[in-house]
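J.: Let's see this in three dimensions:
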Amino acid sequence: MVVSPLNSRRRNERGVAFPSPVVMLSVIAVAMAGFAFVATKDAPEQERKVENVAKTAPTPTPTPTPSATPTKKPKPKLDRSKVYVEVYNNSGITGLAGRTASKITAAGWQVVGSDNWVGHIPEPTVYHPPRLKAEAKQLALDLGIRRTKVAVAPMKLDRLTVILTG
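T.: Numbers count the residues shown, from 1 in each chain. Got it, this is the predicted structure:
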C-alpha cells in the first residue's frame with residue numbers, strides 16, 4: 001500500500017470564529033453601563049431647579065357689577081414669636097448660622113437651633129411644612145432670601161428650616 005505524502009499529515013482546520021457585530025456591541029454596552037454605575041454610585045444627589053416654560057393665556061379681568069361691592073378680608077397678622085426656626089450653614093463661612101440666628105431672633109422669630117448642613121443646596125432657602133407657607137415667605141422677606149421650598153426629610157415638619165449658602 002502506498003501512502004501519499006498528502007494523506008500522511010492530518011490537516012488541522014481549527015480556526016477562530018469572531019462573534020457577530022451585534023454580540024460585540026452588546027458586550028461593549030454592558031461593560032460601559034457597569035463602568036457608569038460604578039463611577040456614579042457615590043455621587044451626591046443634586047437639587048435641580050425646574051422652571052415652567054409654558055406660557056399661559058392672560059385671563060380677562062371681570063368687570064364689577066354696581067350692585068355687588070367686593071369686600072376684602074383682613075389678613076391675620078402672623079405671630080413670629082410662635083414659629084420655631086432652625087438655621088443651618090451650608091457654606092465655608094464660619095459662624096454664618098449663628099449670626100443669622102441672632103438676626104432672626106431680633107426680628108421676633110423663635111430660633112430653636114443652629115448648626116452646619118451637609119449636602120448640596122444651590123442658594124439660600126427657607127424650607128417649610130405646608131401649613132407654614134405664609135410664615136416661610138415672611139421669614140424669607142425678613143432675611144432677603146428669594147427661595148422657599150416645602151420641607152423634605154430629615155427636616156422637621158413643625159418649624160421653618162433656613163439653609164444658608166455662600
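J.: For the protein, which helix extends over the most residues?
T.: Using DSSP state H to assign secondary structure, the helix with the most residues in the chain is helix 21-40.
J.: Now that helix - C-alpha only, PDB.
T.: Listed next in PDB are the C-alpha coordinates belonging to helix 21-40 (Å, rounded to 0.1, in the frame of the first residue of the first chain):
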ATOM      1  CA  PRO A  21     -21.100  42.700  15.500                       C
ATOM      2  CA  VAL A  22     -24.300  42.700  17.400                       C
ATOM      3  CA  VAL A  23     -22.800  40.500  20.100                       C
ATOM      4  CA  MET A  24     -19.700  42.600  20.300                       C
ATOM      5  CA  LEU A  25     -21.700  45.800  20.600                       C
ATOM      6  CA  SER A  26     -23.800  44.200  23.400                       C
ATOM      7  CA  VAL A  27     -20.700  43.300  25.400                       C
ATOM      8  CA  ILE A  28     -19.300  46.800  25.000                       C
ATOM      9  CA  ALA A  29     -22.600  48.400  26.100                       C
ATOM     10  CA  VAL A  30     -22.800  46.200  29.200                       C
ATOM     11  CA  ALA A  31     -19.200  47.000  30.100                       C
ATOM     12  CA  MET A  32     -19.900  50.700  29.700                       C
ATOM     13  CA  ALA A  33     -23.100  50.600  31.700                       C
ATOM     14  CA  GLY A  34     -21.200  48.800  34.500                       C
ATOM     15  CA  PHE A  35     -18.400  51.400  34.400                       C
ATOM     16  CA  ALA A  36     -21.000  54.200  34.600                       C
ATOM     17  CA  PHE A  37     -22.800  52.600  37.500                       C
ATOM     18  CA  VAL A  38     -19.500  52.300  39.500                       C
ATOM     19  CA  ALA A  39     -18.400  55.800  38.600                       C
ATOM     20  CA  THR A  40     -21.700  57.500  39.700                       C
END
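J.: Not counting that helix itself, show me its contacts.
T.: Defining contact as C-beta atoms under 8 Å, 6 or more residues apart in numbering, one finds that nothing outside helix 21-40 touches it. Every residue, glycine included, has its C-beta placed from N, CA and C.
J.: helix or strand right after that helix?
T.: Once the chain leaves helix 21-40, the next helix or strand it forms, by DSSP states H and E, is strand 84-89.
J.: I'd like the mean pLDDT over that following strand, please.
T.: Strand 84-89 comes out with an average pLDDT of 93.
J.: which secondary structure elements does the helix or strand following it contact?
T.: As assigned by DSSP H and E, the chain's next helix or strand after strand 84-89 is helix 96-106. The criterion is 3 or more C-beta pairs under 8 Å, 6 or more residues apart in numbering; DSSP states H and E, and the helices and strands that helix 96-106 contacts are strand 84-89, strand 110-116, helix 133-143, strand 160-164.
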